[in-house]
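Asks: any chance you could fold what I've pasted below:
(2 chains)
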Amino acid sequence: MANTFTLIASASVGAGGAATIDFTSIPNTYNNLVVNVFARSVRGQTQDGMNMKLNTSASSFSGISLSTIGGIVQSNSFTNGCGSIPAANATGGVFSSTSIYLPNYTSSTSKTYSVQSVRENISNTVFEIDVIAGVWSSSSVINAISFYNDNANFAQLTTAYLYGIKNS
Amino acid sequence: MAAGSTYTPIATHTISSATNSYTFTSVPSTYTDLSVVIEGSLSGNDAVYMRFNNDSTSNYGRTYMYGTGSGYSSGYISSETGIPFSVHTDRGNTIIDIFSYANAVTRKTVLLTNNYLSNAVVSTVALWKTSNSPISSISFSSGNNFISGTTFSLFGIKEA
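Replies: Okay, the predicted model is just below:
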């Protein structure tokens, strides 16, 4: 029986923060990838936007979202965003939870992905839930995944885990 | 002590010639939950219906919400002949979780996320509402054909 949902790599941000979270040299021996990110930004606001690059590129992305922010529902089109994360002015110790599923990441077709992200802010009830459908219009095998924010570095204790899934 | 295997691949199928259906048969009863991942496209924009144990009668219900990138909506369907989700001619994916599928005492619940940029991002909660039967087969059918390269993967998840 094959083991699957195998941890490929993990990343953790130390004191001083980090501009990016990077997974490189991703093996092409799985069928699907899952990345789980637990994140916070040092931006001097309550939130920041988190984005994804594939193979160091932020180009050729398309996405649509269904979101609720503080109870207000909206749907937007965008490029490589992966939802919002709490920042320095949000309730202390609160991090977002984001899960990204990338099926068939080694195929020669465009890469589709699914994002589910939640951001909580206990002090003023401004929370956010994002469900995102995305496409990276590249025929390249995904060999690197990185995350960066719109405005500021990731805070200490931000962590991310990359898993590989085999379908046989 | 190393953890046992979980999220175990049960079956996978890649469409090699156009067909409008695929069925996972003889699903083992030895897991707790199931997960299905479908990635690919259809020859024409259409609904794909998921059904359990060949039940195509009006035994399914669902609540859904979706966003198109410019609008959003939600709804409830109390009775239909399967659990539908949209598949379009551009590539997308559908991730389906089926909980406690092997017991013979409860209705079977489903969480489904459907992602096609040309259509919408959709979240659905569904119920196979009139049967307590363990799920032994899962079928997918559409009025259009699945494009070659479309993949269907079934995973089993054990609680312990």
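
Asks: in contact with the residue nearest to A:A19 when sequence neighbours are not counted, which residues?
Replies: Spatially, and ignoring its direct neighbours in sequence, A:A19 is nearest to A:N153 (5.2 Å; C-beta to C-beta, 6 or more residues apart in numbering or on different chains). All C-beta spots, glycine's among them, are computed from the backbone N, C-alpha and C. Residues in contact with A:N153 (C-beta atoms under 8 Å, 6 or more residues apart in numbering or on different chains) are A:17-19, A:41-42.

Asks: contact residues of chain A facing chain B?
Replies: Contact residues, chain A versus chain B (C-beta under 8 Å from any C-beta of the partner chain): A:1-5, A:31-32, A:62-67, A:73-77, A:101, A:103-104, A:107, A:109-110, A:112-114, A:116, A:131-135, A:165-168.

Asks: now list the buried members of these.
Replies: A:4-5, A:31-32, A:62-67, A:75-76, A:101, A:103-104, A:107, A:110, A:112-114, A:116, A:131-135, A:165-167 (16 or more other C-beta atoms under 10 Å in any protein chain shown).

Asks: just the buried subset of the contacts of A:N153, written out for PyMOL, thanks.
Replies: Buried residues among the contacts of A:N153 (16+ other C-beta under 10 Å), as a PyMOL selection:
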select buried, chain A and resi 17+18+41+42
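
Asks: so what's residue 3 scoring on pLDDT?
Replies: In the absence of a named chain, this looks at chain A. pLDDT, A:N3: 61.

Asks: not quite, I wanted chain B
Replies: The model's pLDDT for B:A3 equals 52.

Asks: ditto for B:E159
Replies: Predicted confidence (pLDDT) for B:E159: 77.

Asks: spit out the contact partners of it.
Replies: B:32-33.

Asks: how much space separates it from chain A?
Replies: Taking C-beta to the nearest C-beta, to the nearest Å as the measure, B:E159 falls 14 Å from chain A.

Asks: same deal with B:K108?
Replies: Applying C-beta to the nearest C-beta to B:K108 and chain A gives a distance of 22 Å.

Asks: and for B:A18?
Replies: 16 Å.

Asks: list the contacts of stretch B:101-112.
Replies: Residues contacting stretch B:101-112 (C-beta under 8 Å, 6+ apart): B:27, B:29-34, B:50, B:52, B:83, B:85, B:94-100, B:122-135.

Asks: correction: the previous question concerned stretch A:20-31.
Replies: So stretch A:20-31 is contacted by A:4, A:6, A:8-9, A:11, A:13, A:33, A:35, A:37, A:39, A:103-106, A:141-148, A:154, A:158, A:160, A:162, A:164-168, B:12, B:151, B:153 (C-beta under 8 Å, 6+ apart).

Asks: filter these to the buried ones?
Replies: Buried among those (16+ other C-beta under 10 Å): A:4, A:8-9, A:11, A:13, A:33, A:35, A:37, A:39, A:103-106, A:142-143, A:145-148, A:154, A:158, A:160, A:162, A:164-167, B:12, B:151, B:153.

Asks: what residue ranges in chain A score low on pLDDT?
Replies: A:1-3, A:122-126 (pLDDT under 70).

Asks: quick one: what helix or strand has the residue nearest the centre of it in it?
Replies: Closest residue to the average C-alpha location of chain A: A:C82 at 5.0 Å, with C-alpha atoms, centre = their mean. Taking DSSP states H and E as the definition, A:C82 sits inside strand A:81-86.
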